[in-house]
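> What would the 3D arrangement of this be:
(2 chains)
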Amino acid sequence: MKVLRFFLILILFLPLNLNAEENDKRNKITKNLRCLICQGQSVYDSDSEFANSLKIVVDKKLEEGLSEDQIYEYFKTKYGEWILYDPVLNKNTYILWLLPLLIFLVGGAIIYKSFIVKK
Amino acid sequence: MIFSLVGYYSLILGLIIGLSLFYFSYKNFNNSNILDTKILSFTFLQLLFVLISFLCLIFSFIFSDFSNETVFNNSHTTKPLFYKISGTWGNHEGSLLLWLLVLTLFIFLFLVKTKNQPIKYKILTLVFQQIIIVGFFLFLIKTSNPFNYIFPIPSEGLGLNPILQDPALAIHPPILYLGYVGSSIIFSSVLAATSLKIISTSWASHIKKWILISWIFLTIGILLGSIWAYYELGWGGFWFWDPVENVSLMPWLALTTLLHCILVLEKKSILTSWVIILSIATFTLSMCGTFLVRSGILNSVHTFANDPERGLFILVFLFILILLSILIFFFFHKDNDRKSYNFFWLSKETSILINNWFMMYFLSVVLIGTIYPIFLDVISSQKISVGPPFYHKLMIPFLIPFLFMMAIGPKLKWIKSQLEDKIYLISFLIISIILAFLVLKNFNQNILINTILISSALYLFFITMRDFFVKKYKNISQNIAHFGFSLLILSILFNNLFASEIITNLKVGETFENSKTKIVFESVDQKTEQNYNAIIANFSISNSNGEEDRFSPELRIYNQPVIATSEADIKTTLMTDKFIVINLVQNQDFFNVRYQVKPFMLWIWLSVILISFGGIVSFLKKRS
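Below is the predicted model of the structure:
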């Protein structure tokens, strides 16, 4: 019963949240930008002057009709890759993105080879 | 003055005892019918001296003895007593002294509590632990002496960073350290057991208790830090993938893996090499964490006290410990379980190995994500940031099979097994998918991945829920922890998906209104406390159902040091948190207001408590 109530309430929640969508894109972008003058905060989370001015820039760029990727590109050329929380895949970041996956594959192979009885 | 003196010489005495223990251990080791009482009493004396030293530092803080440099840098006469005390470990020197205290405490408890194990093993564990302890003594005395004098004596201290003046953060470091440093005893004993070649099922069940202790404290410590970040850092999140958070997550992942792996060793006496490697890795990761945080290499909210000399010392020390463990591993350990032991695809062993496999993957993601930017900076001086999107992209897809395995794995039997109750398993799967779809049907973003994710978490939820009512199902601690984990993932998902937020600028007397929410900024009050002055803003916020709440977030200006912070006001109910925080906008007469509705917030905390409760139940369980 308790579980059911859980989900009834949850379903009732839904309409409440749909209006937030107009800001979604801006929030998504600012969450991926580092506030350069803060300690480990995103632009979205920060209320520093730097962050606030960047939020305005993002709004402006969105109004100009730039896509998400174009906006990231704009900030990247202006401030360097340091500002992006979501590092793009290039020759600098191959190891970053692919090494964990490689470890996963190797780990699976080791388990399969050494322990499991083959029929 | 007197406290600094006593504290300092206690440290020196503790170090001397540490060195003399090597000698007694050596003597006792060659003639090891009984454990030399000198060893036990000297270990106790060492603990006592470190405790005295630690108490001296606490008293220096309580009496605001500013002739002590640590106190001068981190305290102030106007601070409330509670924060004077917690200021003791709210800084580099004091927190290291706490490390040392926990190190000595654990080895003493280990010697007292360990029964039915060879004397040689106990002595050797003590030796390895003393290597760590002596290393920390030297580190403390040489680079971070908490009892340095200042002359002339300043009349007032510099104060404690206001964001550390908080009840949750006052107990967060000690609890976390019990977990971090607790892993040192696992490290020492695994090295001892490897050297003596006594790794066996009985050793496994003996060390399992120590793994559980560290794991429980580490879990709760991380939870406290997370709760603190939620209400104190003031932007409503609870996990930021900040490097220092990652640093605490990595030993946790390794320890959780070890906890599962040791179950296999306990039953079947296999995977010994893997257990050794994991035990070494856990402590190394804790040490690396200390190194990364203390050396100031990481860009993080937690970084205090950056000093290259300290970083170098820890790095060298860490290098010695790793070298030592590698040598012991290769010289003493002979792995002979592979040929003699095999098991079938569908078995408990396989499921635990799969758990280990995925956990190691998650660990490698966190590890690489945390250190790769530093590495890249060093070799090519290019700065990149690795933030939440990276971790989410690499982890979430792998979470789905992981959750399914968590549901099914514990049901399997050793060596070879068959799935029982197939009808239940499949019908729960269908129910989960339908429910997840119903919940998300109005939601148009990423519906596919979210549905799959939620259904896998729901699946684990239902399966573990049902297992509570199955009589023959015995492993209650595991079930509680897995149930807690499903609840955690569900809460995080719903919290993310259904959170809503309003950001606006308001002056006193103004009202913000949209179709769902009305925010009235009613008035502003002022308040003066011992350690800060505050501006209190009063809001009344009503939603479309006509419910009205009153909020009073604060802007605090702490006096020592002068730092402004925002105190959020949070209304917590069973199902949602309402979170409001204000900020002053420079040179303007309005406030920046951020209001968030965050469903299931409380459940995130509760589920982590449930997970650690699973650990506690397992710890208290009598060995069958």
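
> excluding its backbone neighbours, what's nearest the residue of chain A found nearest chain B?
Chain A approaches chain B most closely through A:Tyr85 (2.6 Å), counting by CB to the nearest CB. For glycine as for every other residue, the C-beta is placed from the backbone atoms N, C-alpha and C. Distances taken as CB to CB, 6 or more residues apart in numbering or on different chains put B:Gly387 closest to A:Tyr85, at 2.6 Å, once the chain neighbours are dropped.

> ok, now how distant is the one you found from B:Pro373?
Look at B:Gly387 and B:Pro373: by CB to CB, to the nearest Å, they are 10 Å apart.

> show me the contacts for the residue of chain A closest to chain B.
Counting by CB atoms under 8 Å, 6 or more residues apart in numbering or on different chains, A:Tyr85 touches A:31-34, A:42, B:385-390.

> got it, and B:Leu453?
Contacts of B:Leu453 by CB under 8 Å, 6+ apart are B:396, B:399-400, B:489, B:493.

> and with 7 Å instead?
Contacts of B:Leu453 were listed using CB atoms under 7 Å, 6 or more residues apart in numbering or on different chains, and they are B:396, B:399-400, B:493.

> One more: B:Ile384?
Residues near B:Ile384 by CB under 7 Å, 6+ apart: A:81-82, A:87, A:92-93, B:373, B:376.

> Among those residues, which one lies nearest to B:Ser226?
B:Pro373 (22.7 Å; CB to CB).

> Confirm that the closest one sits in a helix.
Yes - counting by DSSP: H, G, I helix; E, B strand; the rest coil, B:Pro373 is part of a helix.

> Give me the number of neighbouring residues for it.
B:Pro373 has 23 neighbouring residues, counting by other CB atoms under 10 Å in any protein chain shown.

> Hmm, it is touching B:Val386, no?
Yes - under the criterion of CB atoms under 7 Å, B:Pro373 makes contact with B:Val386 at 5.5 Å.

> Let's see if you can find the most crowded of the contacts of B:Leu453.
B:Leu493 (20 neighbours).

> that's a helix at that residue, yeah?
Yes - applying three-state DSSP, one finds B:Leu493 inside a helix.

> Next up, the contacts around the residue nearest to it when sequence neighbours are not counted.
Leaving out its chain neighbours, the residue that sits closest to B:Leu493 by CB to CB, 6+ apart is B:Ile454, at 5.8 Å. Neighbouring residues of B:Ile454 by CB under 7 Å, 6+ apart: B:436, B:439-440, B:493.

> what does B:Lys267 give?
Counted by CB under 7 Å, 6+ apart, B:Lys267 has contacts B:201, B:414.

> could you give me the average pLDDT of the host helix or strand of it?
Using DSSP states H and E, B:Lys267 sits in helix B:243-268. What helix B:243-268 shows for mean pLDDT is 91.

> For burial, what's the neighbour tally of residue 104?
Picked chain A for this. What A:Phe104 shows, counting by other CB under 10 Å, is a neighbour count of 19.

> hmm, I had chain B in mind actually
Neighbours around B:Thr104, by other CB under 10 Å: 28.

> before we move on, back to that, just curious, which of the contacts of B:Ile454 is nearest to chain A?
Closest approach between the contacts of B:Ile454 and chain A, by CB to the nearest CB: B:Val439, at 5.8 Å.

> quick one: secondary structure of the closest one?
At B:Val439 the chain is in helix, as set by three-state DSSP.

> Just want the most central residue of chain A.
Nearest residue to the geometric centre of chain A (CA atoms, centre = their mean): A:Asn32, 5.4 Å.

> Could you pull up the residues touching that one?
Applying CB under 7 Å, 6+ apart, the residues contacting A:Asn32 are A:84-86, B:387, B:389.

> who does the strand or helix carrying B:Leu376 touch, helix- and strand-wise?
If you go by DSSP H and E, B:Leu376 is part of helix B:348-380. Using 3 or more CB pairs under 7 Å, 6 or more residues apart in numbering or on different chains; DSSP states H and E, the elements in contact with helix B:348-380 are helix A:94-115, helix B:243-268, helix B:388-408.

> I appreciate the help and will end here.
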